[in-house]
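> Requesting a structural model of the entry that follows:
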Amino acid sequence: MYPYYEPDWSVLPPENNRRFNPAFNMATIRQAFTEAVERVRMPTPTRLRDLIRQIRAARTAAEERAVVNKECAYIRSTFREEDSVWRCRNIAKLLYIHMLGYPAHFGQLECLKLTASTRFTDKRIGYLGAMLLLDERQDVHLLITNCLKNDLNSSTQFVVGLALCTLGAIASPEMARDLASEVERLMKSPNTYIRKKATLCAFRVIRRVPELMEIFLPATRSLLSEKNHGILITGVTLITEMCENSADTLLHFKKIVPNLVRILKNLILGGYSPEHDVSGVSDPFLQVKILRLLRILGHNDVDASEAMNDILAQVATNTETSKNVGNTILYETVLSIMDIRSEGGLRVLAVNILGRFLLNSDKNIRYVALNTLLRTVHADTSAVQRHRTTILECLKDPDVSIRRRAMELSFALINAQNIRTMTKELLLFLEKADPEFKAQCSSGMILAAERYSPNARWHLDTQLSVLIAAGNYVRDDVVSSTIQLVSSSPVAEQTYITNRFWESLQVANHCEDKQPLLQVAVWAIGEYGDLFMYGPNEDEFERPNESDLIAMFHKFLTSAQVSITSKQYALVSLAKLSTRLQNCVEEIQALITSFGSHLNVDLQQRGVEFTQLFGTYKNLRPPLLEKMPPMQISRISSQNGESSGSYDDNSPDLIENGIGIGDEQLGKESNMNTMGDNTNILLDLLGGTDLTSPTATDLSNSVAVQRKNSKNANETSNNQAILDLLDLDISASTTTNTATNMNNVLGLDLSGSLSTSIPTTTATNGNDLSSIMSLSGNGLGGGGATVSGSGLLGSNSILAQPGNGLISDLGSPVANVTPPTSNNAAVPQGPTLTVLDKNDLLVQLVPVRNSDCLQIFMTTTNNSTNTLEQYVFQAAVPKVFTLQMLSPSGSVLPPGGIITQEMRVVSTSNAILRMRLRISYFVDGQPVVEQTEVTGFPDATPE
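Prediction:
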């Protein structure tokens, strides 16, 4: 046993005496003694398996919490006493407790202590605890960097693997930058185990810090020449991540396409390999990874796509489809074919593979096929159309997800050739579909019918069928779309569909269960009641008499099961029928009058307002309730032609009824129209005539004198009645102007008293109803009045009730404004208030106190070298003030030019005058708008 043997071993020299080493033996004895004492002093902790058994034996959550809390208290006590003997076991139990959802953060430092241990079992638990309990939000994780660096240089491959796994799991950007060079060095290690782990760690580091990609590029290229499949799959994963994050790297790796094709070909044709075989397929995981990388490299690249066309065809034809493994590879192959610049025949092959998936008994494979077809239908619509029958069969599948995807794909397949067949199948599906499908399906069918309807009558019949099949689940866009379609149809089709609507209302429960149908039906009957009752009956519909029609409306309006919205439609429709029917006007009036005391405020207001049209203002009823002009619908055109049948179009319909004008359109048109056009819009809306006509001109010149005595029944009296209704006063500012701008005529009081005056010789920009209303929301600060939209009616008018009545939404209260007598105001001397001094435009106000009002003279000076056109000055004051604005001296400001204008303000209280100003003009064709607020005026109270 020993090189030297002596009976008395103590006489041997120390270098030959291996039997006794005093220093070594004393340290060992001391350590053994200390551990023995510790074991005696502290009882042996519970083993992990026993803790699991206790927790599973707990019958209630309270018992489980008691067991966990007791064990956590014991573990804390051992941590405080620096128990190194059972630290590994305690951390293992703590990790299990953490997996159950209980707090375990107090074990973070103990995990760090375990990672610094020399024992592999301690390191394994320590690194596992670090990956579970630490993240980059914790400062403690920075302490592990040095330990990781030491273990990355370990001579034991498993310790290096632990360190690499931990670094990939919890690496922060700072830690990744510190250790990236170590990972790159390990990627070149001769040990395949370490090289595989280092490649995976590099993948995680690049995902966290993409700018470190360049460090790993040299070592990455060589990974594809390895024979080991583990290194190959990790290398392909790393290259895929690089290509997805950087376009430059993507170009760099374009050259590896032949290598990938070679590897994939070897996998397919290499024969049986027991080490990598999965259900008869050689390493399907590596094949899937390579196919995905080929898809990325071949996207929009003709050369790369050409290089991989053959191998994709081989994979698609040689892969076994009886097992899920083969289906997985085929699925990735289809995605790659559809995403690269592949040949037409290859695309047809890919679609046929998906068609075979649709016949599979596995619902997951069918769902994947439908989802993929939906994503690729625009790439080759004709190939997908071959499987239309199979797709329609999927609408009957019991699985809700498959039905949803089949419905979406069916809408994508609709074109002008199959619209009739597809609509028939989808209507059958809509009738039996679950409520969650009805809204989506009905909207999709409406959009498809709008795109591809063969004729107007088929389109109308389809809309009606959708309303009947979908019932109350129809979206609002379907109602508006149907109304638009009916209004824009020929007269014969309007008569036909109105009769069809009437027939549909005779079916039991259609009124309660199909409210959208009721709304469209009563709208059509009210709008085209004359055609419905007295027009030609080419289709030989059975028509009701007027009493039956009124009785049906009475049933709708008094039914508790009819919604408020439907009653609003019916009430307006009934009012229109009073001008369409030849008899029964008294019955209609009585029914409408009964709503004057309805509990619903909106219906009550409609009843009150419509009642006025049967009494004092009965001469206004025909023009106000005449037929609406055909509405035009505008949609964003599809970019894919017929194959654009995606039904889920969330863009709203832009319906224009001939009088609704948007702000931008109004601003553009006002540059081309005269000032009288704005007045004509309102009178046209209310059934009046054009003010630019001779009769209207005479009216505008004499209305101030003859206003109370004008009772004629001609068109002039209609205009006069409208002006009486609105309590307006119109006068011509000059003999050369045919009509004053609407805001100058009405003196629109948007903030108690807001008035705008426009030069009489030029067109205006933005100085009409819509533009003035754009000031809403720019309220005066500090308790001042804001711009309101309470109607164009006087406060004492019965039509000025709150809500959305016929006339109360047209504008704002009207101020009393006296027409100007002169365009040039002499600016007196006095204190000057500088309102605006910007872009070489100087606007000043000179207030002058008079006995009856406060006169304010505005002066605008153009100090620039550009000509300012269409200059408009607008002002608003609080409600306690009355503002009158005279016409300005002009609307064009040449360089050095001046425009003057006079304003008169009267106060009914001792409030302080604050004025909000809005100045707009055009310079070099570009609009400029400035807004400001000015104070410091003298008292405006009359003396």
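> Now tell me which helix or strand of this structure has the poorest mean pLDDT.
strand 654-656 (a mean of 30; mean pLDDT, DSSP states H and E).
> Distance check, the closest residue to Ala433 other than its chain neighbours against Leu517.
By the measure of CB to CB, 6 or more residues apart in numbering, the closest residue to Ala433 outside its immediate chain neighbours is Cys441, 6.1 Å from it. Placement of C-beta: from N, CA and C, glycine included. Taking CB to CB, to the nearest Å as the measure, Cys441 falls 16 Å from Leu517.
> count of residues packed around the residue nearest to Ala433?
26 (other CB atoms under 10 Å).
> do the same with the one 10 residues further on
Residues contacting Arg451 under the criterion other CB under 10 Å number 18.
> same thing with the one 10 residues further on?
Burial measure for Asp461: 17 neighbouring residues, criterion other CB under 10 Å.
> which SSE is the closest residue in space to it that isn't next to it in sequence in?
Counting by CB to CB, 6+ apart, Arg500 is the residue found nearest to Asp461 once chain neighbours are left out, at 7.4 Å. Taking DSSP states H and E as the criterion, the element that holds Arg500 is helix 491-505.
> Convert the C-alpha atoms of that helix to PDB, please.
As requested, the backbone C-alpha atoms of helix 491-505 are provided in PDB (Å, rounded to 0.1, in the frame of the first residue of the first chain):
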ATOM      1  CA  VAL A 491     -88.700  54.000 -59.400                       C
ATOM      2  CA  ALA A 492     -89.900  50.600 -60.500                       C
ATOM      3  CA  GLU A 493     -87.500  48.900 -58.000                       C
ATOM      4  CA  GLN A 494     -88.500  51.200 -55.200                       C
ATOM      5  CA  THR A 495     -92.100  50.300 -55.800                       C
ATOM      6  CA  TYR A 496     -91.200  46.600 -55.900                       C
ATOM      7  CA  ILE A 497     -89.100  46.500 -52.700                       C
ATOM      8  CA  THR A 498     -91.600  48.600 -50.800                       C
ATOM      9  CA  ASN A 499     -94.300  46.000 -51.500                       C
ATOM     10  CA  ARG A 500     -91.800  43.300 -50.400                       C
ATOM     11  CA  PHE A 501     -91.200  45.200 -47.200                       C
ATOM     12  CA  TRP A 502     -94.900  45.400 -46.500                       C
ATOM     13  CA  GLU A 503     -95.300  41.700 -47.100                       C
ATOM     14  CA  SER A 504     -92.500  40.900 -44.700                       C
ATOM     15  CA  LEU A 505     -94.200  43.000 -42.000                       C
END
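> helices or strands up against it?
Under the contact definition 3 or more CB pairs under 8 Å, 6 or more residues apart in numbering; DSSP states H and E, helix 491-505 sits against helix 456-470, helix 476-487, helix 515-527, helix 529-534.
> elements contacting the helix or strand harbouring Asp50?
Using DSSP H and E, Asp50 sits in helix 48-57. Using 3+ CB pairs under 8 Å, 6+ apart as the contact criterion, the neighbours of helix 48-57 among helices and strands are helix 61-80, helix 87-99.
> Would you mind pulling the contact partners of the shortest one?
Put plainly, it is helix 87-99. Helix 87-99 is contacted from outside by 45-48, 51-52, 68, 71-72, 75, 78-79, 83, 104, 107, 110-111, 113-114, 121-122, 125-126, 128-129, 132-133, using CB atoms under 8 Å, 6 or more residues apart in numbering.
> Quick one: buried ones out of those residues?
Of the members of the contacts of helix 87-99, the ones counted as buried by neighbours, 16 or more other CB atoms under 10 Å, are 45-46, 51, 68, 71-72, 75, 78-79, 83, 104, 107, 110-111, 113-114, 122, 125-126, 128-129, 132-133.
> Arg204 contacts Ile170, correct?
No - using CB atoms under 8 Å, Arg204 is not in contact with Ile170; the gap is 9.7 Å.
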